[in-house]
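Asker: need a structure here:
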Amino acid sequence: MQEITDVRYLSKRVAGLKPSGIRKFFDIAATMKDVISLGIGEPDFTTPRPILEAGIQSLQAGETHYTSNAGKLELRQGITDNLQRLYGVRYDPLSEVIATVGVSEALYLTMTALLDPGDEVIIPTPCFVSYQAEVLLAGGVPVEIPSRVEDNFELDPERVRAAITPRTKVLFVGYPNNPTGAVATQAVLRQVAQIAEEHDLVLVSDEIYDRLVYGTQHVCVPALDENIKRRSVLLGGFSKDYAMTGWRIGYAAGPEHIIKGLVRIHQYTIMSAPTTAQDAAIEALTNGEKFVQEMVAEYDRRRKLIVAGLNRLGLTTFEPKGAFYAFPQIKASGMDDETFAEKLLHEEHVAVVPGNAFGPGGEGFVRCSYATAYEKIEEALQRMERFMSRHG
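Answerer: From the prediction side, this is the model:
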């Protein structure tokens, strides 16, 4: 029997996707010893014990079956209560929230539900690598709007306005930002929301890092006002705030007619989010706040260490106000970001991610995650100091 090995059997959408620039360096680092990874965007904390115990108890109680397609009502109620407590925004747990397999599935469902072939999505960059890919897989066209370090990587509303065409359907924002650590101000987000309203666009906001902010307040986009909420889809989850990446549990919240579309796709592709993870997420919402605060305090300690250390080495780094990433410029090294990352990994066994992996505007930077132990960050900075003494 002839084997199907030719790439021509793949759809053009899949064949045309670029491999993740993040995975490349993880794969190399996995073959090496004594590597300190500042590349991975994952908390190094274990899921807090009460949340772990809730998952275990769920299994022991025989909760091993499907739930409602949209997720357990208790979880959806907890999500809506949490959003109202934190941001004053109200959602109906029965019809305006869906529990998903991480925020990644929420992003996939949203783009698939909203886009027809050729529809355009405006995406500020640098940004998480999945945004453009999910638009392409849904048949849409990503329109990238680079932000600048001179503006603290905040979105320029006028550049958004200039990018709108008759095919524009969605305006996408993602703050606190991965990879830059930027946090958008309420003033800028109001301008962006006004543009969405003027042009009748759907505003999609990825707020997975909403609780990880330092010395500032997170601005929840649909909480700005009721008009904005009616045209917004909010993406959120438990991976970052509660150190639950492996549990794969997230959500989308938005107008009922849009959430119905997400549920329809979810029915045919997933059925329901993992039951055990849903039960753990309920516990996180009920009793997880003190753990969130403890982790944020530790991230802040690491943030101060890495930003000061990178600046001392001549790798100019603006102060990140959210998430757990520093995004230093590497101009002082005389290298481009790909070369810098490769040489640093091979010479000093420190893994970072080239900024160009995150789209236009990321060139000349690297992403350094401080979601790793304080002592490892100290050691990584010592190794980078040796590296810069040779190349800086």
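Asker: measure stretch 107-123 end to end?
Answerer: With CA to CA, to the nearest Å as the measure, stretch 107-123 spans 13 Å from end to end.
Asker: how close does residue 42 get to residue 87?
Answerer: Note on residue 42: its distance to residue 87, by CB to CB, to the nearest Å, is 25 Å. Any C-beta I mention is one placed from the backbone N, CA and C, and that applies to glycine too.
Asker: which one of those two has more residues nearby?
Answerer: Neighbour totals were compared for residue 42 and residue 87, and residue 87 leads with 19 against 16 (other CB atoms under 10 Å).
Asker: Show the pLDDT at that one.
Answerer: Note for residue 87: predicted pLDDT of 98.
Asker: quick one: contacts for residue 266?
Answerer: By CB atoms under 8 Å, 6 or more residues apart in numbering, the contact set of residue 266 is 69-70, 98, 100, 105, 109, 272.
Asker: mind listing the helices for this structure?
Answerer: 12-15, 21-29, 49-60, 73-87, 102-114, 130-137, 157-163, 186-198, 226-230, 256-269, 275-287, 289-312, 337-348, 374-391 (DSSP state H).
Asker: isn't residue 48 right next to residue 242, touching?
Answerer: Yes - Residue 48 is within contact range of residue 242, at 7.0 Å (criterion: CB atoms under 8 Å).
Asker: which one of the two has more residues nearby?
Answerer: The neighbour comparison of residue 48 against residue 242 (other CB under 10 Å) goes to residue 242, with 26 against 22.
Asker: Would you mind measuring from that one to residue 369?
Answerer: Using CB to CB, residue 242 is found at 17 Å from residue 369.
Asker: go on, residue 266?
Answerer: Residue 266 is 30 Å from residue 369, by CB to CB.
Asker: now residue 21
Answerer: 14 Å.
Asker: Between the two, tell me which one has more neighbours.
Answerer: Set residue 21 next to residue 369 and count neighbours by other CB under 10 Å: residue 369 wins out with 26 against 20.
Asker: which residues does that one contact?
Answerer: Taking CB under 8 Å, 6+ apart, we find residue 369 in contact with 37-42, 324-325.
Asker: quick one: which of those residues is most hemmed in?
Answerer: Sorting the contacts of residue 369 by how many neighbours each has (other CB under 10 Å) puts residue 324 first, at 29 neighbours.
Asker: Now do that one, the pLDDT please.
Answerer: Residue 324 carries a pLDDT value of 98.
Asker: check contacts around the nearest residue to it once chain neighbours are set aside.
Answerer: In space, and not counting its chain neighbours, residue 324 is closest to residue 371: 4.4 Å by CB to CB, 6 or more residues apart in numbering. Residues in contact with residue 371 (CB under 8 Å, 6+ apart) are 40-44, 299, 302, 324.
Asker: Show the secondary-structure elements that the least confident helix or strand in the chain by mean pLDDT is packed against.
Answerer: Lowest on mean pLDDT, DSSP states H and E among the helices and strands of the chain sits helix 21-29, with a mean of 72. With contacts defined as 3 or more CB pairs under 8 Å, 6 or more residues apart in numbering; DSSP states H and E, the packing partners of helix 21-29 are helix 337-348, strand 350-351, strand 353-354.
Asker: Can I get the ones you listed in TSV including mean neighbour count and mean pLDDT?
Answerer: Shown next, in TSV, are the helices and strands packed on helix 21-29 (neighbours: other CB atoms under 10 Å; pLDDT from 0 to 100):
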stretch	mean neighbour count	mean pLDDT
helix 337-348	18	95
strand 350-351	24	95
strand 353-354	28	96
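Asker: closest to residue 116 out of these?
Answerer: strand 353-354 (33.0 Å; CB to CB).
Asker: Paired strands for that closest one, with orientation please.
Answerer: Strand 353-354 sits in its sheet next to strand 366-369 (antiparallel), going by DSSP bridges.
Asker: So what's the gap between the partner strand and the chain middle?
Answerer: Remark: strand 366-369 is offset 14 Å from the chain centroid, using CA atoms, centre = their mean, to the nearest Å.
Asker: before we move on, what about stretch 251-269?
Answerer: In terms of CA atoms, centre = their mean, the centre of stretch 251-269 is found 20 Å from the chain centre.
Asker: May I have that stretch as CSV, with CA atoms only?
Answerer: The C-alpha coordinates for stretch 251-269 follow below in CSV (Å, rounded to 0.1, in the frame of the first residue of the first chain):
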residue,chain,number,x,y,z
TYR,A,251,-13.3,30.4,29.3
ALA,A,252,-14.9,32.9,27.0
ALA,A,253,-17.5,35.4,28.0
GLY,A,254,-19.6,37.6,25.7
PRO,A,255,-22.9,38.4,24.2
GLU,A,256,-25.3,35.4,24.1
HIS,A,257,-25.6,35.2,20.3
ILE,A,258,-21.8,34.9,20.0
ILE,A,259,-21.3,32.5,22.8
LYS,A,260,-24.0,30.3,21.3
GLY,A,261,-21.7,30.1,18.2
LEU,A,262,-18.8,29.1,20.3
VAL,A,263,-20.8,26.4,22.0
ARG,A,264,-21.9,25.0,18.7
ILE,A,265,-18.3,24.5,17.5
HIS,A,266,-17.3,23.2,20.9
GLN,A,267,-20.0,20.6,20.8
TYR,A,268,-18.6,19.0,17.7
THR,A,269,-14.9,19.3,18.5
